[in-house]
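Visitor: Everything below, folded, please.
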Amino acid sequence: MIMALFAAKTSLAQTSDFEFPNVPPSGYWDGSDQSGGFSSGTAFFPNVYNTAFGGYWESGFTWSTVSDTVTAGFNNLYGSSSGSGNNSSGYAVVQQGAVMRIPGGNKVVQSIQINNGTYAWISMRDGDGFAKKFGGLTGNDPDFFRLLIRGYSGGVLVNDSVEFYLADYRFSNNAQDYIVRNFTTVNTAVLGAVDSLSFTLNSTDISAFGMNTPGFFVIDDVNISAPSGLKNVPVSDDVLVYPNPSAGIIFVDNLSGFEQYQIYDISGKILSTENCQNQSRLQLQFNQPGLYLLQLTGSETTIRKRLLIK
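Guide: Numbers count the residues shown, from 1 in each chain. As a prediction, this is how the structure comes out:
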């Protein structure tokens with residue numbers, strides 16, 4: 001399916017950084033106060049705490065400063081595999097199926113820092129009483145632990161999605177297999193203006209009762225900005241991107257006011273960063289089909305356009 005072209009001007013982003021005052025080291029909030037969630041930056045992170053069986057975090061988000069990267073199992077549910085947030089102490093722990101809200105209407109979630117929690121990371125590395133060791137006994141099992149991020153606007157699902165592999169053992173060379181243990185920037189601007197994001201996990205390790213891999217991961221530094229129309233972009237003419245879709249070569253004209261461009265793949269990985277100041281045209285060449293994101297940055301504005309290579 002051909003993806004629609006998307007362009008937006010963004011204002012200064014606000015960041016959900018999960019840094020809360022007066023939090024003790026290795027502390028966490030699990031929702032037991034029945035407040036139903038917490039805010040950080042411009043976003044709200046719902047939480048459901050079930051009081052049955054002595055009480056437990058049932059769904060949504062929690063926040064944490066837990067630094068334990070050694071203890072295996074459910075008792076280390078609130079740990080980050082890197083032992084901290086993204087260059088900070090605080091971060092949020094996310095459960096399978098959680099939905100982040102953006103009060104006040106549609107905004108663009110530019111990027112999210114994403115990592116494994118200690119619970120899932122150790123489980124995939126070593127296996128446990130419920131889940132297998134990724135790769136199996138030989139290391140050849142093509143296992144993966146994948147996050148799917150979808151956006152909604154007014155309750156309607158947007159067309160695009162973002163995939164991020166928290167672990168991937170599908171490579172023919174086992175030396176390339178990995179489990180993420182550091183915060184990684186995942187670009188989510190491709191989803192456009194949204195009022196909520198959903199986070200869905202799936203794994204190759206499943207049983208009749210569902211996914212065996214612990215359904216948790218951690219996030220930090222959620223960057224959100226409000227979009228406005230291209231008519232306000234301070235350039236002499238609208239930026240022209242053509243042909244789009246393309247068989248491999250795309251031209252970008254009318255670059256006045258922009259200083260740098262970046263190319264992202266659909267996972268949010270930056271493929272290239274180049275200067276474009278004083279240029280009137282770019283010629284971009286792609287060797288692999290797929291969906292890419294072009295970001296043009298100037299001193300006053302940023303524009304993003306989807307590029308579809310057939």
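Visitor: what about residue 92, which SS state?
Guide: Local secondary structure at residue 92 is given as strand here, using DSSP: H, G, I helix; E, B strand; the rest coil.
Visitor: what about it, neighbour count?
Guide: Neighbour count for residue 92, taken as other C-beta atoms under 10 Å: 27. To be clear about C-beta, it is placed using only N, CA and C from the backbone, and glycine gets the same treatment.
Visitor: Low-confidence ranges, the stretch 101-250 of the chain, go.
Guide: Applying pLDDT under 70 to the stretch 101-250 of the chain flags residues 227-238.
Visitor: Let me see the ranges of the helices in it.
Guide: 118-126 (DSSP state H, counting those that start in this stretch).
Visitor: pLDDT averaged over stretch 75-88 - what is it?
Guide: Regarding stretch 75-88, the rounded mean pLDDT is 96.
Visitor: Endpoint to endpoint, it covers what distance?
Guide: 23 Å (C-alpha to C-alpha, to the nearest Å).
Visitor: which residues sit against that stretch?
Guide: Outside stretch 75-88, the residues that touch it by C-beta atoms under 8 Å, 6 or more residues apart in numbering are 17-19, 28, 30, 57, 62, 64-69, 71, 91, 93, 113, 115-122, 180-183, 216, 218, 220-221.
Visitor: Which of the residues you listed fall in strands?
Guide: Using DSSP state E, the subset of the contacts of stretch 75-88 located in strands is 28, 57, 62, 64, 91, 93, 113, 115-116, 216, 218, 220-221.
Visitor: how many other residues sit next to residue 281?
Guide: A count of neighbours around residue 281, defined by other C-beta under 10 Å, yields 11.
Visitor: I'd like the ones in strands among the contacts of stretch 75-88 as TSV, with distance to residue 79 appended.
Guide: Shown next, in TSV, are these (distance: C-beta to C-beta, whole Å):
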residue	distance to residue 79
28	9
57	14
62	11
64	7
91	10
93	8
113	16
115	11
116	10
216	10
218	8
220	14
221	18
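Visitor: beta partners for the nearest residue to residue 34 once chain neighbours are set aside?
Guide: Distances taken as C-beta to C-beta, 6 or more residues apart in numbering place residue 49 nearest to residue 34, at 6.2 Å, with adjacent residues excluded. With DSSP bridges applied, residue 49 shows beta-bridge pairing to residue 57.
Visitor: Confirm for me that residue 49 is in contact with residue 32.
Guide: Yes. Between residue 49 and residue 32 there is a contact under C-beta atoms under 8 Å: 5.4 Å.
Visitor: Give me the more crowded residue out of the two.
Guide: residue 49 (19 against 13).
Visitor: tell me the pLDDT at the more buried one?
Guide: Taking residue 49 on its own, its pLDDT is 97.
Visitor: next one: phi and psi at residue 35?
Guide: As for residue 35, its main-chain torsions (degrees, to the nearest 10) stand at phi -80, psi -20.
Visitor: Spatially nearest residue to it (excluding sequence neighbours)?
Guide: Spatial nearest neighbour of residue 35, excluding adjacent residues (C-beta to C-beta, 6+ apart): residue 47 at 7.5 Å.
Visitor: okay, now that neighbour: neighbour count?
Guide: Number of residues near residue 47 (other C-beta under 10 Å) recorded here: 24.
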